[in-house]
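Participant: take this sequence and fold it.
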Amino acid sequence: MINNSLNIGIQGIQDGMQGMEGAARKIARGGADGPRGTAEGGNSMIEPIIDLKLYKRSVEASAQVVKTADETLGTLLDLKA
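Facilitator: Now for the predicted structure:
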């Protein structure tokens, strides 16, 4: 059960980091997604900035899952010893 929690937390971190990279690329391009740097409208920078923040929170939450699973495993090992 703890191993599963660790795996879920690690996968969440990896997914969040990939999302952050994609949002950062859009921000670096100035929000341009179309061919030859054409922007998708006047608010093209807002969405990638919001996405970056959301992915950051996702990574933080997943890191907390990993931390909690690690602490639980440590407690179980202490009890066993």
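Participant: spatially central residue in this structure, please.
Facilitator: By Cα atoms, centre = their mean, the mean C-alpha position of the chain lies nearest to residue 16, the distance being 1.8 Å.
Participant: report the rounded mean pLDDT for stretch 55-71.
Facilitator: Mean pLDDT, computed over stretch 55-71, is 97.
Participant: could you list the residues in contact with that stretch?
Facilitator: Stretch 55-71 has contacts (Cβ atoms under 8 Å, 6 or more residues apart in numbering) with 2, 5-6, 8-13, 15-17, 19-20, 23. Glycine gets a C-beta too; all of them are placed from N, C-alpha and C.
Participant: so of those residues, which ones are in helices?
Facilitator: 2, 5-6, 8-13, 15-17, 19-20, 23 (DSSP state H).
Participant: what's the neighbour count on residue 28?
Facilitator: 10 (other Cβ atoms under 10 Å).
Participant: re the thing from before, just the buried ones from the ones in helices among the contacts of stretch 55-71?
Facilitator: 5-6, 9, 12-13, 16, 19-20, 23 (16 or more other Cβ atoms under 10 Å).
Participant: report the buried residues of the longest helix belonging to the chain.
Facilitator: Assignment by DSSP H gives helix 46-80 as the longest helix of the chain. Judged by neighbour count (16+ other Cβ under 10 Å), helix 46-80 contains these buried residues: 47-48, 51-52, 55, 58-59, 62, 65-66, 69.
Participant: with residue 81 as the reference, measure out to the residue nearest to the centre of the chain.
Facilitator: 34 Å (Cβ to Cβ, to the nearest Å).
Participant: how far away is residue 62 from residue 47?
Facilitator: 22 Å.
Participant: thinking again about what came up before, which among the contacts of stretch 55-71 gets closest to residue 74?
Facilitator: residue 2 (10.2 Å; Cβ to Cβ).
Participant: surely the closest one is in contact with residue 73?
Facilitator: Yes: if you go by Cβ atoms under 8 Å, residue 2 and residue 73 touch, sitting 5.1 Å apart.
Participant: now do the contacts for residue 11.
Facilitator: Applying Cβ under 8 Å, 6+ apart, the residues contacting residue 11 are residue 62.
Participant: ok, and the closest non-adjacent residue to residue 13?
Facilitator: In this structure, residue 13 finds its nearest non-sequential neighbour in residue 62, 4.5 Å apart by Cβ to Cβ, 6 or more residues apart in numbering.
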